[in-house]
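Participant: Got a sequence here, can you build the structure:
(one chain, ligands or ions: 1)
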Amino acid sequence: MRLEKYIATSGIASRRSVKKSILAGAVTVNGEPVLVPGHPIDVETDSVAFKGKPVEPLTEHIYLMLNKPAGCITTRSDERGRPTVMDLVADLPDTIYPVGRLDLETEGILLFTNDGDFAYRLLHPSHEIDKTYLAWVQGSLSDGAIQRLRRGVTIPSGTTAPAKITRLKTSKNGKSTQLKVAIHEGKKRQVRMMFKAVGHPVIRLKRIQIGTLKLGRLASGAYRLLTSEEVSALLML
Ligand code: URA
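Facilitator: Take a look at the predicted model:
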């Protein structure tokens, strides 16, 4: 197997970043630095180290979705010991990690894997995978505000690409509105910033779909493995 593939499929990093690390001299095979990404590896006998740490032999790939509750951080470890999404998947191999992130207070579908290539492909902006959210926001939005969100608004991290926005319902007293929002970018706190930009701060935010993959009835805090059909469908998007 090619060196870069061996390292990427062990879940450490995506193939592209592994390649860069190999070229930068961060990889040894049987103790010797190897600068050739395509260097052949005998999976049975060669010992490979990545940035000084042994690379475990091939692990089986795992793909799952978690229904992230509000109040836990999307990180592999928190130095202040706060609850993290890893606590909710603690019974699975610790080679898995979240694909992308949801804010502390955002709920809903969060994928995990130990497949670096899968994570890389899913997160790459060129794939433009729609992420769909339910947003509960303050006040009643004018048609003008919805049009602005659809066209794109200016937020601290730039101008947002056109978004798909559907108004679902406005409370009787007009104090809050529920909307469905689909975006394919991943700017920092994007949905919250978009609604703030039009004067309607988000009260609650839940991601319900990534590409064709729906959260469905998965309970808050629970996870389930993806089927191989679901994994292929995500990659074909
Ligand atoms: N947009 C946000 O504002 N927060 C998230 O967690 C995801 C998208």
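
Participant: and this protein, which of its residues are near the ligand?
Facilitator: Applying C-beta under 6 Å from any ligand atom, we find that the chain lies next to the ligand at 102-103, 106, 189-192, 205. Where you see a C-beta, it was placed from the backbone N, CA and C, and this is true even at glycine.

Participant: Nearest to Ser126, out of those residues: which one, please.
Facilitator: For the residues of the chain next to the ligand, the minimum distance to Ser126 (C-beta to C-beta) is 17.4 Å, reached by Gln190.

Participant: Not counting its neighbours along the chain, what's nearest the closest one?
Facilitator: In this structure, Gln190 finds its nearest non-sequential neighbour in Ile183, 6.2 Å apart by C-beta to C-beta, 6 or more residues apart in numbering.

Participant: residue contacts, Thr154?
Facilitator: The contact partners of Thr154, by C-beta atoms under 8 Å, 6 or more residues apart in numbering, come to 160, 197.

Participant: Pull up the gap between it and the ligand, please.
Facilitator: For Thr154, the distance to the ligand equals 15 Å [C-beta to the nearest ligand atom, to the nearest Å].

Participant: With Val198 instead?
Facilitator: From Val198 over to the ligand (counting by C-beta to the nearest ligand atom), the distance is 14 Å.

Participant: same check, this time on His39
Facilitator: 39 Å.

Participant: Would you confirm that Tyr77 contacts Thr84?
Facilitator: Rather than Tyr, residue 77 is Ser. Yes. Counting by C-beta atoms under 8 Å, Ser77 touches Thr84, with 6.8 Å between them.

Participant: In terms of neighbours, single out the busier of these two.
Facilitator: Neighbour totals were compared for Ser77 and Thr84, and Thr84 leads with 17 against 8 (other C-beta atoms under 10 Å).

Participant: Identify all contacting residues around the strand or helix carrying Ala145.
Facilitator: Per DSSP states H and E: Ala145 is located in helix 143-151. Helix 143-151 is contacted by residues 162-165, 167, 181, 194-195, 197-200 when judged by C-beta under 8 Å, 6+ apart.

Participant: What residues does Arg204 make contact with?
Facilitator: 70, 107, 135-136.
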